[in-house]
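for reference, the sequence and a predicted model appear below.
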Amino acid sequence: METLEVRGPFSFRGDNSIVDRPDASVNGFYIWCVHVDQSLYRAYYVGEAVNIASRHRTHRRDCLRGNYQAHCLDGLRRNESILMHRPGDGMISRFAHIDREKFNNEFVDNMCLFFAEVPLTGDKKADKTLRCRYEAGIVRHIENAGLNVLNVGRISNWAGEESQARLETRGFEIEALSGAVVSI
């Protein structure tokens, strides 16, 4: 069984920005979390990318422009899905009194980012398939634990034999994931 080290927490911008980390320019999966308590984090979004740092430059830009749906941060900390912003629509009507730009900045500044490198196989299609297997496996693992992964790029199905991987974290815990064995 393979063990992957999940690194973090990082931010979208500032001194601890994931986009400025040379070690984040890797093939792998990433998890956006909200900080719940002390060193505990709850997953909000799971994705995969050929280059984690580069993908997060795009995510940061799109979040700040309001191109993604976004949920109430306090609700996420309680494992509640309270949609506040829709792409194209802006703030949903009951939150129309909140400034969209301020909300988007607060959302970006409160996301805690984690990533793990997935070994390359040398074949682009096989590498994509493996990243998607990790992405889907992590999402299913969290959902099966009774938690909400509220957003995910897509859940891909795959052919082939199921395998497992252990996700290790050091100095922090991602709820339902740290130290878990995930089926991929």
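Yep, that arrived.

so Tyr134, which state does it fall into?
For Tyr134, the assignment made with DSSP: H, G, I helix; E, B strand; the rest coil gives helix.

my read: it touches Pro119, true?
No - using CB atoms under 8 Å, Tyr134 is not in contact with Pro119; the gap is 10.8 Å. Yep, even glycine has a C-beta here, placed from its N, CA and C like the rest.

and the two? which has more neighbours close in?
Taking other CB atoms under 10 Å, Tyr134 and Pro119 do not tie; Tyr134 has more neighbours (20 against 12).

how close does the spatially closest residue to that one that is not a sequence neighbour sit to Glu168?
Nearest in space to Tyr134, with sequence neighbours left out and distances taken as CB to CB, 6 or more residues apart in numbering, is Phe29 at 4.5 Å. According to CB to CB, to the nearest Å, Phe29 stands 14 Å off from Glu168.

looking at these two, which one has more neighbours?
More crowded of Phe29 and Glu168, by other CB under 10 Å: Phe29, with 27 against 15.

my guess is that one meets Tyr45, correct?
No - the pair Phe29 / Tyr45 is not scored as a contact, 11.0 Å apart, by CB under 8 Å.

so where is the chain shaky, pLDDT-wise?
The chain contains residues with pLDDT under 70 at 150-159.
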